[in-house]
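Chemist: dropping a prediction and its sequence here:
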Amino acid sequence: MKKFPVYAYQILGLAIALFGATIALRWIFQIEAIAHLIPGSEQMGLNTPLMFLASGLACVCLPQRQPPLQVLLRLCILLLMVLPGLTMVQHLFGVNLGIDFVRVPSMPSASIPYPGRMAPNTTLGFLCAGMALLLLSRPGRERRRDRLGMVAIAATMLIGLAALAGYFMRLDALYHLASFNQMLVPTAAVMSMLGCCLWLLRQHRYNPRQGGTSAYQRRITWRAGVVLTLVALAAGVAGFAVVRNVLEKALTDNMLFATTTNATSMANILDDRLAFHRTIVTRPIVQRQFVRLAANPQDREARDFLQTAASNLLTAGPSGVRMLDADGRLIAASGQVLRERAPLAQHLQRAGQNAYLVWQDDYLLYAETPVLANGHRVGTVVVEQPLPAFDKLLHVIQTSGDSTDALLCSRRQDAALCAPSRFNSGVTSIPAHLEGKAHDQPIHRALAGQRGVISILDLRKVPVFSAYTPLQDFGLGLVIQSDSDSLYAPLKAQTQLLTALLVALVALGTTTMGLAVRPLLERIERDITDLRLAEEKLAGSEKRLRSITDNLPVLISYIDREQKYGFCNRTFETWTGVPPQQVLQHHVAEVLGQERYVERQANIALALSGQRVEFDIATLGGDGTLRQLHTTFVPDIAADGTVLGIYTLSTDVSALHAVQRQLQQMARFDALTGLPNRYQMNEKLVEAIARCRRAGTPMALMFLDIDHFKAINDSLGHAAGDEMLKEFGRRLKASVRETDAVCRLAGDEFLIILEQLGSTAETEGIARKILANAGAPCKIQGQPLRIGTSIGIAYCQEQPLLPDALIDHADQALYQAKQAGRGTFRLILC
Ligand SMILES: Nc1nc2c(ncn2[C@@H]2O[C@H](COP(=O)(O)OP(=O)(O)OP(=O)(O)O)[C@@H](O)[C@H]2O)c(=O)[nH]1
């Protein structure tokens with residue numbers, strides 16, 4: 001099976017792309033579960049996850065050469081350059097190009113003044129990543145380009161890490177200077193990962209793995225260190241974000257509860273004091289004095305009574321009392337009434353009383369309560385009294401935390417008018433609209449009758465949590481706020497400590513691991529060296545073996561259990577004409593053809609059953625040569641007895657067979673005349689006798705001897721004798737039928753086996769014909785000669801004799817012919 005190596009940059013790239021895709025899905029389909037899974041992601045727009053998806057995919061695709069992946073890579077790089085580029089233009093020139101994909105409703109907040117827009121440092125990070133990818137995607141390696149790429153990669157990583165670290169070190173406050181969106185914690189973590197991924201990609205692209213134990217140890221330690229540090233940081237940040245979310249919820253709930261409770265208490269105090277004012281004017285004795293004065297303004301007794309009552313009232317709490325008749329003329333006065341001179345008097349909406357909450361260093365309640373008699377207004381009692389309980393409550397609220405403040409405001413025209421507070425010295429007017437837009441301050445919500453908690457920049461431009469509520473129906477709004485940072489401070493301190501501890505542990509762990517890994521690496525290196533040496537040795541012996549087998553005039557191959565070739569030498573190609581690539585791992589039938597496979601099939605099966613097999617086989621080679629092969633199949637038997645395959649060894653024995661055939665020819669034929677010799681004559685005679693016995697037909701054996709042959713030899717030489725013998729043989733063959741056998745027995749003696757004969761007369765006729773043909777004139781070495789011969793015939797009518805007896809009878813007949821003067825024949829009936 002083909003192996004696909006997996007590299008760290010691919011895993012990181014995929015993780016980044018997956019992160020981007022997940023957040024994009026959350027944004028598109030509003031999946032709450034994902035928002036909970038990745039804290040902080042709910043504030044992310046669509047652009048950032050898209051950029052992560054593009055950069056992750058680009059990292060994975062970059063080293064791949066397939067055209068579709070290269071197109072995808074170019075698209076991703078283009079996206080990484082264009083979208084962050086346009087966002088940067090928006091940041092720098094304060095314009096809106098319509099590329100901030102905002103989900104409605106998505107309100108600006110302290111940390112995200114521009115919903116949907118990537119933070120400036122996020123934008124810069126993606127631009128650097130895009131630049132690095134563009135440089136890495138160029139073919140070849142150029143020094144300047146590589147340096148520029150390294151800077152871009154380092155910048156990407158640093159931007160992510162700086163945002164992470166800055167988050168802990170309260171550097172995130174810097175974002176507020178120019179009202180920029182903050183880089184969110186998950187974005188910072190994944191941006192750091194992207195920097196790492198690009199670094200690994202560069203390593204893969206330009207520095208393929210090499211080096212000894214130290215280099216590996218360094219690489220492992222570094223990688224483990226970086227990965228574990230990132231994990232520790234991410235775990236710290238994620239833990240912080242989770243705890244922050246929980247804490248934020250508890251804090252906001254608590255703040256809202258406290259604000260509502262305090263507002264109720266304040267309203268109760270005001271209600272209680274206003275009721276006290278009403279009890280003054282409802283006393284019958286007081287009412288009677290006002291009626292008497294209405295009837296007679298000069299009624300001294302009534303006037304004195306009311307003056308005494310006004311003076312006495314000061315002992316019950318009020319700081320100033322005024323009593324007026326129906327026309328508003330002063331009847332009695334005691335103490336001081338400051339409303340007119342106070343810096344702030346907030347009107348309280350309460351029926352029947354014209355009341356104000358007056359602020360003069362402390363709070364005072366001013367109320368004008370009408371005195372009624374029989375439904376007619378006969379006068380007015382003005383009472384102004386300090387509100388120590390109210391002041392104390394506000395003081396308690398404002399001192400409940402290092403950064404806690406309480407704003408108590410009323411509406412005046414298009415603004416909220418607030419009494420001085422802990423962080424606002426003097427009376428403050430907060431307009432409801434600023435530069436044509438709604439000024440979303442919590443006090444406006446409270447004055448609009450709403451209740452809740454928001455995270456926002458306060459009037460000092462400090463991020464705060466603000467709880468707001470109306471003060472019943474008094475027309476006042478109460479805002480209690482605390483700085484976000486001071487709320488998070490204990491949590492941040494704990495998390496920082498924990499993260500520092502984690503990083504220290506990681507450093508310790510990676511150092512220990514590096515030391516522990518070294519012996520292992522050394523051992524592996526030793527093993528690899530041994531293995532390489534063994535492999536080299538094996539390769540050397542294989543090479544030697546191959547050159548031996550390739551140069552042997554023998555076909556050598558190996559067939560495995562599946563009858564597929566596992567090895568073949570060069571002779572295999574020479575003899576079969578099939579190149580090695582079409583042999584190795586191919587079935588025997590496929591290589592040799594079905595016909596030749598069938599011829600060998602049984603022997604292959606035998607060999608695969610564990611038997612050594614030897615056989616001769618004729619095979620037509622690829623060069624058209626017919627070869628006689630002597631083949632040996634040797635089974636390859638494993639230690640457990642199973643047959644793993646077959647070693648085949650085929651020798652070309654064509655030449656040997658030719659020699660054998662030649663020897664056979666020489667053994668059975670007479671070398672001089674080419675006629676069958678005595679050895680073959682014996683065979684033929686036995687066969688002829690058998691045939692005639694079966695058929696019951698007569699047969700004859702002629703014994704011929706050239707007359708005075710010795711004289712030819714002696715007079716003309718041995719060569720002339722040889723020539724005469726050859727000519728005599730030819731003449732004998734020409735004198736009988738094709739089926740009759742003519743043999744040379746020895747010297748000048750010849751035998752003719754005649755079958756399917758008729759009577760003795762027919763046989764004698766043949767003998768005469770032979771005598772005539774042999775005796776016809778001929779030229780031997782230019783000498784005109786005649787060949788005389790004598791013939792002895794053994795004739796068998798029915799059952800022929802045995803060969804030796806037959807030859808014996810023919811020899812006797814020859815002897816008689818010689819005795820009769822030669823040049824004739826004699827016949828003996830057997
Ligand atoms: N040139 C030649 N001579 C041969 C060969 N084999 C035998 N001879 C000679 O043939 C002669 C045979 O002679 P014989 O048959 O005994 O005598 P002949 O002279 O033929 O006398 P008759 O047979 O009685 O007529 C001998 O001299 C042999 O040496 C041979 O292969 N070539």
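Modeler: Thanks, I have it.
Chemist: was I right about residue 25 contacting residue 34?
Modeler: Yes: if you go by CB atoms under 8 Å, residue 25 and residue 34 touch, sitting 6.8 Å apart. The way it works is simple: take the backbone N, C-alpha and C, and place the C-beta from them, glycine included.
Chemist: which of the two has more neighbours?
Modeler: residue 34 (17 against 13; other CB atoms under 10 Å).
Chemist: show the pLDDT at the more buried one.
Modeler: Predicted confidence (pLDDT) for residue 34: 78.
Chemist: relative to residue 701, how far out is it?
Modeler: According to CB to CB, to the nearest Å, residue 34 stands 116 Å off from residue 701.
Chemist: and if you look at residue 679?
Modeler: For residue 679, the distance to residue 701 - CB to CB - is 17 Å.
Chemist: swap in residue 607?
Modeler: Counting by CB to CB, the gap from residue 607 to residue 701 is 53 Å.
Chemist: same deal with residue 26?
Modeler: For residue 26, the distance to residue 701 - CB to CB - is 117 Å.
Chemist: those two: which has the busier surroundings?
Modeler: Under the criterion of other CB under 10 Å, the comparison of residue 26 against residue 701 puts residue 701 first, with 29 against 22.
Chemist: let me know the helix or strand that the more buried one is in.
Modeler: Assessed by DSSP states H and E, residue 701 sits inside strand 699-706.
Chemist: quick one: is that strand near the ligand?
Modeler: Yes: for strand 699-706 and the ligand, the contact criterion (CB under 6 Å from any ligand atom) is met by 705-706.
Chemist: what is that strand packed up against?
Modeler: Helices and strands touching strand 699-706, by 3 or more CB pairs under 8 Å, 6 or more residues apart in numbering; DSSP states H and E, are helix 678-695, helix 718-735, strand 749-754, helix 760-775, strand 789-796, helix 803-819.
Chemist: show me where the stretch 351-500 of the chain has its strands.
Modeler: Listed in chain order, the strands of the stretch 351-500 of the chain (DSSP state E, counting those that start in this stretch) span 354-360, 362-373, 376-386, 405-412, 415-418, 428-431, 433-434, 437-438, 452-457, 463-470, 476-483.
Chemist: mean pLDDT for these: which is lowest?
Modeler: Among the strands of the stretch 351-500 of the chain, strand 437-438 carries the lowest mean pLDDT (a mean of 71).
Chemist: partner strands of it, with direction?
Modeler: strand 433-434 (antiparallel) (DSSP bridges).
Chemist: so what's the nearest residue to residue 255 once chain neighbours are set aside bridging to?
Modeler: Once flanking residues are discounted, residue 255 sits nearest to residue 467: 4.0 Å by CB to CB, 6 or more residues apart in numbering. Counting by DSSP bridges, residue 467 is bridged to residue 453, residue 480.
Chemist: hang on, isn't residue 467 packed against residue 477?
Modeler: No: counting by CB under 8 Å, residue 477 is not a contact partner of residue 467; they are 11.3 Å apart.
Chemist: tell me the SS of whichever residue of the stretch 501-650 of the chain sits closest to the ligand?
Modeler: Ranked by CB to the nearest ligand atom, the top residue of the stretch 501-650 of the chain for proximity to the ligand is residue 628, at 35.1 Å. Three-state assignment for residue 628 (DSSP: H, G, I helix; E, B strand; the rest coil): strand.
Chemist: turn the strands of the stretch 351-500 of the chain into a markdown table, including mean neighbour count and distance to the ligand.
Modeler: Formatted as a markdown table, the strands of the stretch 351-500 of the chain follow (neighbours: other CB atoms under 10 Å; distance: least, CB to the nearest ligand atom, whole Å):
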| stretch | mean neighbour count | distance to the ligand |
| --- | --- | --- |
| strand 354-360 | 20 | 162 |
| strand 362-373 | 21 | 163 |
| strand 376-386 | 21 | 169 |
| strand 405-412 | 23 | 147 |
| strand 415-418 | 22 | 151 |
| strand 428-431 | 16 | 149 |
| strand 433-434 | 11 | 144 |
| strand 437-438 | 8 | 140 |
| strand 452-457 | 18 | 134 |
| strand 463-470 | 24 | 134 |
| strand 476-483 | 25 | 139 |
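Chemist: as JSON lines, those with distance to residue 255 would be great.
Modeler: As requested, the strands of the stretch 351-500 of the chain are arranged in JSON lines below (distance: least, CB to CB, whole Å):
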{"stretch": "strand 354-360", "distance to residue 255": "23"}
{"stretch": "strand 362-373", "distance to residue 255": "22"}
{"stretch": "strand 376-386", "distance to residue 255": "28"}
{"stretch": "strand 405-412", "distance to residue 255": "11"}
{"stretch": "strand 415-418", "distance to residue 255": "18"}
{"stretch": "strand 428-431", "distance to residue 255": "20"}
{"stretch": "strand 433-434", "distance to residue 255": "25"}
{"stretch": "strand 437-438", "distance to residue 255": "23"}
{"stretch": "strand 452-457", "distance to residue 255": "6"}
{"stretch": "strand 463-470", "distance to residue 255": "4"}
{"stretch": "strand 476-483", "distance to residue 255": "6"}
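Chemist: do you know how far the residue of the stretch 501-650 of the chain closest to the ligand is from residue 592?
Modeler: 16 Å.
Chemist: so those two - more neighbours on which side?
Modeler: Comparing residue 628 with residue 592 by neighbour count (other CB under 10 Å), the higher total belongs to residue 592, at 19 against 16.
Chemist: can you count the residues close to the closest residue to that one other than its chain neighbours?
Modeler: Once flanking residues are discounted, residue 592 sits nearest to residue 576: 7.0 Å by CB to CB, 6+ apart. Residues lying near residue 576 (other CB under 10 Å) number 22.
Chemist: isn't residue 187 right up against residue 122?
Modeler: Yes: the pair residue 187 and residue 122 qualifies as a contact (CB under 8 Å) at a distance of 5.6 Å.
Chemist: quick check: neighbours shared by those two?
Modeler: residue 48 (CB atoms under 8 Å, 6 or more residues apart in numbering).
Chemist: ok, these two, which is more surrounded?
Modeler: Neighbours were tallied for residue 187 and for residue 122 using other CB under 10 Å; the higher tally belongs to residue 187 (29 against 26).
Chemist: ends of stretch 403-420, how far apart?
Modeler: 15 Å (CA to CA, to the nearest Å).
Chemist: element containing residue 538, please.
Modeler: Counting by DSSP H and E, residue 538 is found in helix 484-551.
Chemist: I'd like the average pLDDT over the helix or strand following that helix.
Modeler: Per DSSP H and E, helix 484-551 leads on to strand 554-560 as the next helix or strand towards the C-terminus. Across strand 554-560, the average pLDDT comes to 92.
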